[in-house]
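Give me coordinates for this.
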Amino acid sequence: MKISALIIGIDGWEKYTFPLIDSIQQYEPDCQIIVIDNASADPYPSLPCVHRTERLCYSKAINTAARLAGDSDWYIMLSNDVLCTGPFAAMLANVPTGMIAGPCLKEVQNYAYLEGWCVCAPSAIWNELGGWDENFQGSSWEDVSFSTDARLHGFSLVHNVTFPFVHLDQRQRFHVIPNYWNTEDANIKYFCSKYKLS
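A predicted model of the protein is given here:
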């Protein structure tokens, strides 16, 4: 089974991104790792797994990483402020078909969703959904949309609290994205328009 970990990072190489890479390699050395250096102020080291881009919204960065990863049985979408705390391949192998999984299930305005810092999707669902919606600006509400799209296509969400990833939550979006709350408002309006909410 081929698993690709798609890590999206802006800055924080030593504090966040490298420790995440190292922790994944410790527990799942066969996992393919693709890192998007999303226009960090201090560029990430030149490594085979690192790909530097212009500043992308979170959705486009994830989709870019998936294209670089190529065909995989599972894609794990990760923000860089995360740590792996144990093996996960066997867990993914046991997820029933037709489901996306993650360790953090939340709800907003009656929409259940897996938080975007760690979402796992099998290739069949990834291909049917066509990745994440790149119309969302910056980083907010795209994870709600991805889970909503999955459910509208007849798939289910698996809340696996034992999935071995923990969120360190650097809350980076608030100081990296200019005028964050303006993009948040725009994303909410787009979400409502997309799903025809009043």
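
Do a quick rundown of the strands in the protein.
Listed in chain order, the strands of the chain (DSSP state E) span 3-9, 32-38, 50-53, 74-79, 82-84, 99-102, 105-108, 111-114, 118-122, 156-159, 165-167.

who wins for proximity to residue 90 among these?
Checking the strands of the chain against residue 90 by Cβ to Cβ gives strand 3-9 as the closest, at 10.9 Å. Glycine gets a C-beta too; all of them are placed from N, C-alpha and C.

Which other helices and strands does the closest one contact?
helix 18-27, strand 32-38, helix 58-69, strand 74-79 (3 or more Cβ pairs under 8 Å, 6 or more residues apart in numbering; DSSP states H and E).

Would you mind putting those into JSON lines with mean neighbour count and mean pLDDT alongside?
Formatted as JSON lines, the helices and strands packed on strand 3-9 follow (neighbours: other Cβ atoms under 10 Å; pLDDT from 0 to 100):
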{"stretch": "helix 18-27", "mean neighbour count": "17", "mean pLDDT": "98"}
{"stretch": "strand 32-38", "mean neighbour count": "23", "mean pLDDT": "98"}
{"stretch": "helix 58-69", "mean neighbour count": "22", "mean pLDDT": "98"}
{"stretch": "strand 74-79", "mean neighbour count": "27", "mean pLDDT": "98"}
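
Low-confidence stretches in this protein?
The model of the chain has pLDDT under 70 over residues 170-177, 198.

ok, back up a step: tabulate the strands of the chain (a markdown table), appending distance to residue 19.
Below are the strands of the chain laid out as a markdown table (distance: least, Cβ to Cβ, whole Å):
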| stretch | distance to residue 19 |
| --- | --- |
| strand 3-9 | 11 |
| strand 32-38 | 12 |
| strand 50-53 | 15 |
| strand 74-79 | 12 |
| strand 82-84 | 6 |
| strand 99-102 | 20 |
| strand 105-108 | 25 |
| strand 111-114 | 23 |
| strand 118-122 | 15 |
| strand 156-159 | 25 |
| strand 165-167 | 11 |
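
Determine which stretch of those is the most buried.
strand 74-79 (a mean of 27; mean count of other Cβ atoms under 10 Å).

Can you tell me what sits against that strand?
1-9, 20, 58, 62, 65-66, 69, 88, 92, 116-123, 126, 132, 165, 167 (Cβ atoms under 8 Å, 6 or more residues apart in numbering).

Whichever helix in the chain runs longest - contacts with which helices or strands?
Across the chain, the longest stretch assigned as helix under DSSP state H is helix 180-194. Packing partners of helix 180-194 (3+ Cβ pairs under 8 Å, 6+ apart): helix 142-152.

Please tell me how far the residue most central in space within the chain sits from residue 46.
What sits nearest the mean C-alpha location of the chain, by Cα atoms, centre = their mean, is residue 77, with 3.0 Å. According to Cβ to Cβ, to the nearest Å, residue 77 and residue 46 sit 24 Å apart.
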